[in-house]
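# Turn this into a model:
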Amino acid sequence: MRQGGPGTSLMPRCEIRIENRREELCRIVALTEQFAADHGLPAGILNDIQVALDEALSNIVAYGYEPPARGTIVVRFAYRDGEVDIEVEDEGRAFDPLQAPPPDLDADLAQRQIGGLGIHLIKSLMDVVCYDRRDGKNLLRLTRRVAAEAC
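Predicted coordinates:
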């Protein structure tokens with residue numbers, strides 16, 4: 001995460017590429033923890049980001065590609081102006097999570113439809129969630145504000 005030797009500044013951005021396999025997700029966890037440590041992010045914000053990323057990436061791995069197809073998922077982090085910006089890019093099936101119907105949180109557990117809770121969690125934990133399909137790729141952007149007094 002750090003660039004150069006002692007006395008140099010933090011990199012405001014970082015990027016990682018992983019294969020669309022569940023085993024690769026631990027690499028995202030490690031990078032997220034390092035990014036949070038480098039930027040002094042509070043534990044609560046780190047946790048929110050990790051949960052949101054796990055939900056998004058798990059959905060891409062599970063549903064984004066027709067088995068046995070393999071693809072690459074790119075995750076980019078940036079910290080600026082008191083916000084953590086995360087981009088998740090993949091070449092899987094087009095899927096706009098913002099168009100998914102909200103889950104029925106009032107229904108009895110036995111009667112609830114499977115799915116949708118992960119997207120609900122992402123929207124609840126992040127301050128801004130945007131989706132775009134560009135050049136055959138899904139681009140999910142997540143933003144989490146960091147209150148100045150929280151640092």
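# Would you quantify the distance from Thr143 to Gly71?
25 Å (CB to CB, to the nearest Å). Backbone N, C-alpha and C define where each C-beta goes, glycine included.
# where do the helices sit along the chain?
Ranges of helices within the chain are 25-38, 43-63, 117-125, based on DSSP state H.
# a markdown table for the ones you listed, including mean neighbour count?
What follows is these, written out as a markdown table (neighbours: other CB atoms under 10 Å):
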| stretch | mean neighbour count |
| --- | --- |
| helix 25-38 | 16 |
| helix 43-63 | 18 |
| helix 117-125 | 17 |
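# Between those, which one is closest to Tyr79.
helix 25-38 (7.5 Å; CB to CB).
# which secondary element of the protein has the worst mean pLDDT?
Among the helical and strand segments of the chain, the one scoring lowest on mean pLDDT, DSSP states H and E is helix 117-125, with a mean of 87.
# which other residues reach that one?
48-49, 51-52, 55-56, 58-59, 97, 100, 102-103, 105, 129, 142, 144 (CB atoms under 8 Å, 6 or more residues apart in numbering).
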